[in-house]
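>>> Sequence plus predicted model, see below.
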Amino acid sequence: MSKFEQYNIPLKGLKTESQVFEFDLDDNYFKKIDSPEVQHGKIKATVTVRAKQGLFDLNFVLNGVIQIPCDRCLDEMNQPIQYKEKIQVKFGDKFSEEDDIVIVPETDGGINVAWFLYEFIVLNIPIKHVHAPGECNKNMVGRLKKHITRQRIDDDDPDDLEFNEEDEIPTDESISDPRWDGLQNIFENN
């Protein structure tokens with residue numbers, strides 16, 4: 001018995017023109033997939049299969065939440081997932097993907113969608129994923145601010161580091177290392 005057997009969708013002998021399959025993707029699913037991007041979540045996946053002349057249309061609808069590390073503070077954050085995708089499947093001699101059509105061996109009689117579901121989830125993770133303002137780990141944000149003296153945020157990416165208005169960024173007066181005093185004089189004399 002395969003660890004992903006429950007994600008098999010039988011295509012041969014489909015009882016009606018359209019059939020709906022539902023999957024609950026939870027922490028066990030993500031552990032089985034064993035990929036570093038996502039390890040926790042709760043997603044409801046609905047796959048509607050429609051049979052038409054030699055092809056099967058599979059319509060995927062995914063709704064739920066995954067937990068991924070925040071790019072800023074590294075604490076886990078909830079990332080909503082809402083996604084729709086469609087693939088076409090047909091029978092052939094061996095498994096392959098050609099253009100927009102997935103070919104599955106006719107001897108298999110169906111398709112396993114476990115990896116497709118995971119790919120759709122991962123493709124929905126934004127490139128930059130951070131907590132909403134004020135929700136980051138305060139200790140980590142404090143450490144970050146400690147290291148941002150005299151650094152300007154590039155005009156190209158003003159969202160690089162976002163802090164709340166009440167957060168204080170260290171100023172020249174807050175530098176307590178006397179070795180920096182000599183360098184401060186250089187800035188003032190130029």
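Structure's in. What do you need?
>>> Which strands and helices lie in contact with the stretch of helix or strand Glu119 belongs to?
In the assignment (DSSP states H and E), Glu119 maps to helix 114-123. The helices and strands touching helix 114-123, judged by 3 or more C-beta pairs under 8 Å, 6 or more residues apart in numbering; DSSP states H and E, are strand 18-25, helix 27-33, strand 40-52, strand 55-69, strand 76-92. (Each C-beta comes from the backbone N, C-alpha and C, glycine too.)
>>> Run the chain-centre distance for the second one.
The chain centroid and the centroid of helix 27-33 are separated by 15 Å under C-alpha atoms, centre = their mean, to the nearest Å.
>>> Any stretches of this structure with poor pLDDT?
Scanning the chain for pLDDT under 70 picks out 1, 149-178, 180-185, 187-190.
>>> Tell me which residue is most central in it.
Taking C-alpha atoms, centre = their mean as the criterion, Ile125 is the residue nearest the geometric centre of the chain, at 2.8 Å.
>>> Contact partners for that residue?
Contact partners of Ile125, counting by C-beta atoms under 8 Å, 6 or more residues apart in numbering, are 37-38, 66, 68, 79.
>>> List just the nearest of the residues you listed to Val20.
Of all those, Val20 sits closest to Ile66, with 23.0 Å by C-beta to C-beta.
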